[in-house]
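[1] quick check, what structure comes out for this input:
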Amino acid sequence: MFSFFKKRSKEEQLRKNLFDFLAEMEKNLEFFYVMDQRQFITNGFLTDTWARVKEMDIIKRHDSIVLYAKATADFNHSLKAYKEYEAWYTGDVKNKTPEGARKLHALKAELDQKLKGLEAVIIPAGQDLEREMLQLGLLKA
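    Now for the predicted structure:
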């Protein structure tokens, strides 16, 4: 009897984690569209649920999902580096040199380039996840 409840609990946790991950992907796609439309990077992408799903077989078998996780983490890392450098650069008049300005511009250009490629990463990953969830019976067609 206890094994029944234990199995049920694992299934519910799997269901919750997958739905949370899918919702996070959808929110990240929304973030992408807003930043792309406004041509202004306002924030990083959500990556909280990746730690809970990354070891699941249904996740690991899709390169698109693994690439999505790496791309959003990479973008967030670049955004953090840019913001830290920008804060240092604007924090003191002595830091405002032509070399510093070029570096800040290069960091921003790199960030913009990474953003441009994210739509082509987020959509296929979300489609693969939805397909898996359909096969598991978690989503209905």
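[2] ok now the longest helix along the chain, how far from the chain's centre?
    Ranked by residue count and defined by DSSP state H, the top helix of the chain is helix 2-38. With Cα atoms, centre = their mean, to the nearest Å as the basis, helix 2-38 stands 12 Å off its chain's centre.
[3] for it, give the mean pLDDT please.
    Mean pLDDT, helix 2-38: 87.
[4] what is it packed up against?
    Applying 3 or more Cβ pairs under 8 Å, 6 or more residues apart in numbering; DSSP states H and E, one finds that helix 2-38 makes contact with helix 50-53, helix 98-116, helix 119-135. The way it works is simple: take the backbone N, C-alpha and C, and place the C-beta from them, glycine included.
[5] report the buried residues of it.
    L14, N17, L18, F21, L22, E24, M25, N28, L29, F31, F32, M35 (16 or more other Cβ atoms under 10 Å).
[6] and what of stretch 101-112?
    Going by neighbour count (16+ other Cβ under 10 Å), the buried part of stretch 101-112 is L104, L107, L111.
[7] so how far is K96 from the first one?
    The reference is to L104. For L104, the distance to K96 equals 10 Å [Cβ to Cβ, to the nearest Å].
[8] what's the overlap in contacts for these two?
    The contact sets of L104 and K96 overlap at Y89 (Cβ atoms under 8 Å, 6 or more residues apart in numbering).
[9] list the buried residues of stretch 109-126.
    L111, K114, L115, L118, V121, I122, P124, A125, G126.
[10] next: stretch 43-59.
    In stretch 43-59, counting by 16+ other Cβ under 10 Å, buried: G44, F45, L46, T49, W50, R52, V53, I58, I59.
[11] quick check: the farthest pair among those residues?
    Greatest spatial distance among these (Cβ to Cβ): G44 and I58, at 25.8 Å.
[12] just give the nearest non-adjacent residue to E26, would you?
    Nearest residue to E26 in three dimensions, chain neighbours excluded: G126, at 6.9 Å (Cβ to Cβ, 6 or more residues apart in numbering).
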